[in-house]
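> coordinates for the following, if possible.
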Amino acid sequence: MFCVSVVGFLFLRTRVPGAPIPGHQDFEEVNLRYYVRRNDRRGVVFLKEIVTKRAIAAVARLLYNENYVAWPMSHRLEGNLAEYRWRRSDRWNHLRVETAGEPVLAAPGCREEFITEHYQGYTRQRDGGCLEYRVEHVPWRLWLSSSAELSRDAAGLYGHEFTAILSGPPQSDFLAEGSPLAVYQGVRI
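From the prediction side, this is the model:
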């Protein structure tokens, strides 16, 4: 299964590594990612990560070679609505989902489980190598959506190669509950 996702996150009480950085603990992130398997491990590769804090983007680029950018952002969580907004140049983009029903764990083998239940991350290094890092969190409960919308300039944000795949309707849209998580130092593979 090949899957590309645009995902919005709200990071709260962030610590690096284990220490809170004043003014940089709570922030929004929207990222474009795809999913991989390596042996028996399921993982994620980030293609572009948008945050509102310049220092977070700079540290992620410098230390981890992640493709972070810092742009104005906001979020709104009201009742059954979750929305993330980001501005590139003079255009606002958004990711919005309205949920229905009660949250449940994803069924084994479904697309939603494939997207949320991965515990490895992979990042390309400047010399062409790759780091694999472990991510730890409890399984997340999910709300199915009653409506979802992604408004964006796909070519401007991610490059022309993603225009077609991001222009069609989503094959899956949902809201994950989230939880505390830990990201461990990477190992070169």
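> check contacts around V4.
L32, R33, Y34, F162, I165, L166 (C-beta atoms under 8 Å, 6 or more residues apart in numbering). C-betas here are computed from N, CA, C, even on glycine.
> E136 too?
Y119, L181, A182, V183, Y184.
> repeat for V104
R141, L142.
> and it, what's its pLDDT?
Looking at V104, its pLDDT stands at 95.
> and if you look at the one 4 residues further on?
As summarised for this prediction, P108 has a pLDDT of 92.
> also E113?
E113 is given a pLDDT of 89.
> and it, that's in a strand?
No. Counting by DSSP: H, G, I helix; E, B strand; the rest coil, E113 is not found in a strand; it is helix.
> could you measure from H160 over to V4?
15 Å (C-beta to C-beta, to the nearest Å).
> repeat that for D26.
Distance from D26 to V4, by C-beta to C-beta: 27 Å.
> kindly report the same for L142.
Noted for L142: a distance of 18 Å to V4, by C-beta to C-beta.
> so how far is the least confident helix or strand in the chain by mean pLDDT from its chain's centroid?
Sorting the helices and strands of the chain by mean pLDDT, DSSP states H and E puts helix 154-158 at the bottom, at a mean of 77. For helix 154-158, the separation from the chain centroid amounts to 16 Å (computed by C-alpha atoms, centre = their mean, to the nearest Å).
> I'd like the next helix or strand past it.
Using DSSP states H and E, the helix or strand that directly follows helix 154-158 along the chain is helix 163-167.
> which residues are contacting that next one?
V4, V6, L150, R152, A154, A155, Y158.
> give me the pLDDT for the residue of the chain most remote from its centre.
When distances are taken from the C-alpha mean of the chain, D127 lies farthest, 24.7 Å away, according to C-alpha atoms, centre = their mean. With respect to pLDDT, D127 scores 89.
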